[in-house]
Structures are given as C-alpha cells and as structure tokens.
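Visitor: 3D, please:
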Amino acid sequence: MRFQAAVLRSYEDPFAIEEVILRTEPAVGEILVEIAGCGMCRTDLAVRRSAGRSPLPAVLGHEGAGTVVRTGGGPDTAMDVGDHVVLSFDSCGHCRNCRGATPAHCDSFASLNLFGGREEEAPRLTDATGGALAPRWFGQSSFAEYALVPARNVVRVDPALPVELLGPLGCGFLTGAGAVLNTFGAGPGDTLVVFGAGAVGLAAVMAATAAGALTVAVDRHPGRLALAERFGAVPLPAGTAGLPERIRRLTDGGAQYALDTTASSPLVNDALRALRPTGSLGLVARLHTALPLEPGTLDRGRSLRHICEGDAVPGLLIPRLTGLWQAGRFPFDQLIRTYPLADINEAERDCDAGRVVKPVLLPEGRSR
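Guide: Got it, this is the predicted structure:
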C-alpha cells in the first residue's frame, strides 16, 4: 500500500513529504486507519534534541484521528470498518501497571513509544526505494495519510464529532486534562495554579474550570494569558514580582495543586512556594538538567511528582472530554489551527515561535 507521509530523515533537516509503502496487512489485534487529522505535539519536535536516541529516518506524529478502513480481527479488536477513532499512546497490556489500569506507566512505555516500537514491526514501513523507516512512533506514525496501529491505541468516538480535530485528545489535551481530573482529582472548592499556558496547560485550565476549581494561569505570553482568562483562569504574567505570594493571596493561603509544563527550575520552585501545606505539584515536561530545589520548598507536607499522559486510560478519559466539549465545557477546538500536511514545516515553525497553540495537520483533500 502506497501513500503520502512526512518523513524526518535527520535531526537537522526539515520534514519531507514522500511516498511510503506499507508492506503488510493488519495482523490480529491491529487496525488500519485513514488519518483525517494529526496534532503536532512538542514531543514530536523534541526528537530533534534526542541525541540520537530516537531512530531515523522515521514518520512521526502521535495525535492522530480518522476512520477505520481495515482490521486484523481478533478478540481485542472491537472496531469495525467505518468507525471514527482517536489514536493514543501504545502500551503492552500485560505488565503490572497495564493490568492495574495505569497504561501510561507501562513497563515498556519508552521502548514502545519513543525508542523504536515493537521489534517485529521494523521492516513493515519503507520509503519508495525500499529503505526501512523506523517502527511506528507512539504506535502510530500518523503524520501520514494512513496509520497501522495496535487496537490498544484506538478509542472509538461519536461519528457526529469533527474527527479531523480530535487527535490532540490522544496526547496533549489528554495530558493536561488528565492531570487535573485523574492525578489531582480536582473539584469544586479546590485551587490550582498552572505554569505554562500552552496546549497542555490550557487543557488543564479548561478541565479545572469544568470541574469547578479556582484556577490561576502563569505565562510570559500575553496572548496565552488572554486565552487562559477566556477559559476561566486568573491570569498572572510569569515575571510578576513576588509571584508565589501573589498566588497565595489569590488562592486564600496557597493552591492545593500546581501543574508545571515549563521545566523551568525557577518556576518549579515558585510553584512549590505557592502551594498550601500538603499541596501537590505535578510536572509534565521532561527535565533535561538537574532540578535544584530551594530550601523550604518541600516543607509542610508538600509533594512533587511527574505526570505521564495525565495518568489516563484513554478509553475512559477521551469520551469524557468529548462529552464535555459537546456540552460547551471543554472548548479545545479554540486552541487549534489546521495546516495541510504538506505545510508541516510551516506548522513546526509556528509552533516553535508560539504563533499557534496546537497545529493540526490535515492530509491531502482534508484542508480547511
């Protein structure tokens, strides 16, 4: 099967739209999806800084959504041709964490999603000359017209929804909303401060507002703060003097929860100081350097943890988020700008420059 995909051949080169060849039919437990749209996530772009750990050349993309066109059958493949689906992260399904309904902490998460995928899949996707492309990224490689995915990645959605816009619910929006609804379990009367009003942070703001929590958003971009305010948060510029004290005043003695999406050491320390006793800080961004914690920041029962994929079971959280969207309480579509797949390099530049919160790439014929 031949189709168009965006191929990254080196860590420095732009993406190239190429013809690729899928050299197999779906196996048992697999599904072939025609991609309607795929979000661009910071994790896709971080491949350029992965110091060679992510194999290239590869087709990236891990926020895909589309229509099932073929299935391999099997007891775990509860999908039919024509179903609309959102694709999420891969997991093994049999380790202790997967069996315990925490697939984001799968023992094989890094190998399946970041560093090569399932070994048996290595030769199945090639370029037009037969050159091997890396196994599927996050079980998807959905910067393409089609993606062959494990059934575990797939969540069926209402066909009345705009499927081309739903892909970011599989990762970026899932992470922010899941941190609030799953990790923190925030609800009415709770207080939350979000550091970094990008796609993950703004999804957290929307989820917190839907849950009835008081939210403060911190960012250095006025436009992002304006969005956070539109979605119900109190906006605070990142350079505000005495930032932790200001947050404590706004939250009646300190926030119960804080979410950092920036990986900035000064902001992480500010976040801890902004917490009330027994408050919790969650980190979603990957740290690339040591994190120096200032004296006193973890006193009085405060805690610090990393959050992966919003601690979500995608099959449970994605329908919850689409239901909130249909009720007008999770307006994630307001964060999206669409681009033809052929304009992937423009989308990457706009994302890097902060001109767009969430780019979504549409294959040929689906441009809006």
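
Visitor: Check the offset of the helix or strand hosting V216 from the chain's centre.
Guide: Per DSSP states H and E: V216 is located in strand 214-219. Here strand 214-219 is found 20 Å from its chain centre; the criterion is C-alpha atoms, centre = their mean, to the nearest Å.

Visitor: List of residues touching it?
Guide: For strand 214-219, the surrounding residues in contact (C-beta atoms under 8 Å, 6 or more residues apart in numbering) are 190-197, 201-202, 204-205, 208-209, 224-225, 228-229, 232-238, 240, 243, 247, 250-251, 255, 267, 270. Backbone N, C-alpha and C define where each C-beta goes, glycine included.

Visitor: Give me the mean pLDDT for it.
Guide: When pLDDT is averaged over strand 214-219, the result is 98.

Visitor: Would you mind writing the CA trace of that strand as PDB?
Guide: Extracted C-alpha coordinates of strand 214-219, given in PDB (Å, rounded to 0.1, in the frame of the first residue of the first chain):
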ATOM      1  CA  LEU A 214     -10.500  28.100  41.000                       C
ATOM      2  CA  THR A 215      -7.500  28.300  38.600                       C
ATOM      3  CA  VAL A 216      -4.600  30.700  38.200                       C
ATOM      4  CA  ALA A 217      -2.500  30.600  35.000                       C
ATOM      5  CA  VAL A 218       1.100  31.800  34.700                       C
ATOM      6  CA  ASP A 219       2.700  32.500  31.400                       C
END
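
Visitor: Neighbouring strands of it in the sheet, and parallel or not?
Guide: Using DSSP bridges, the strands paired with strand 214-219 are strand 191-195 (parallel), strand 234-237 (parallel).

Visitor: counting contacts, what elements does the helix or strand that the first one is followed by pack onto?
Guide: Scanning forward in sequence from strand 191-195, with DSSP H and E defining helices and strands, the next element found is helix 199-211. Using 3 or more C-beta pairs under 8 Å, 6 or more residues apart in numbering; DSSP states H and E as the contact test, the elements touching helix 199-211 are helix 172-178, strand 191-195, strand 214-219, helix 222-230, helix 314-326.

Visitor: E18 looks like it's in a strand, true?
Guide: Yes - the assignment for E18 (DSSP: H, G, I helix; E, B strand; the rest coil) places it in a strand.

Visitor: I figured it hits F3, correct?
Guide: No - here E18 lies out of contact with F3, judged by C-beta atoms under 8 Å, at a distance of 10.0 Å.

Visitor: So which residues of the stretch 1-150 of the chain form helices?
Guide: Ranges of helices within the stretch 1-150 of the chain are 42-45, 96-99, 109-113, based on DSSP state H, counting those that start in this stretch.

Visitor: I31: which of those helices is closest?
Guide: helix 109-113 (16.3 Å; C-beta to C-beta).

Visitor: what is the rounded mean pLDDT of that closest one?
Guide: When pLDDT is averaged over helix 109-113, the result is 90.

Visitor: which residues are contacting it?
Guide: Helix 109-113 has contacts (C-beta under 8 Å, 6+ apart) with 62, 89-92, 106, 117-118, 137-139, 308.

Visitor: List the buried residues for it?
Guide: Residues 109, 112-113 are the ones in helix 109-113 that count as buried (16 or more other C-beta atoms under 10 Å).

Visitor: Let me have those residues in CSV, extended by distance to G167.
Guide: Shown next, in CSV, are the buried residues of helix 109-113 (distance: C-beta to C-beta, whole Å):
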residue, distance to G167
F109, 20
L112, 19
N113, 16
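
Visitor: Let me know the closest of these to D299.
Guide: F109 (32.3 Å).

Visitor: doesn't V268 fall inside a helix?
Guide: Yes - under three-state DSSP, V268 falls within a helix.

Visitor: residues near the residue lying closest to it once chain neighbours are set aside, how many?
Guide: Once flanking residues are discounted, V268 sits nearest to D260: 5.5 Å by C-beta to C-beta, 6 or more residues apart in numbering. Using other C-beta atoms under 10 Å, the number of residues around D260 comes to 24.

Visitor: got any ranges where the protein has weak pLDDT?
Guide: Counting by pLDDT under 70, the low-confidence segments of the chain come to 51-52, 116-123, 365-368.

Visitor: show me the contacts for the closest residue to R220 other than its chain neighbours.
Guide: Of all residues not flanking R220 in the chain, A238 sits nearest, at 4.2 Å (C-beta to C-beta, 6+ apart). Residues in contact with A238 (C-beta under 8 Å, 6+ apart) are 195, 218-220, 267.

Visitor: Then P295?
Guide: No residues are in contact with P295 under the rule C-beta under 8 Å, 6+ apart.
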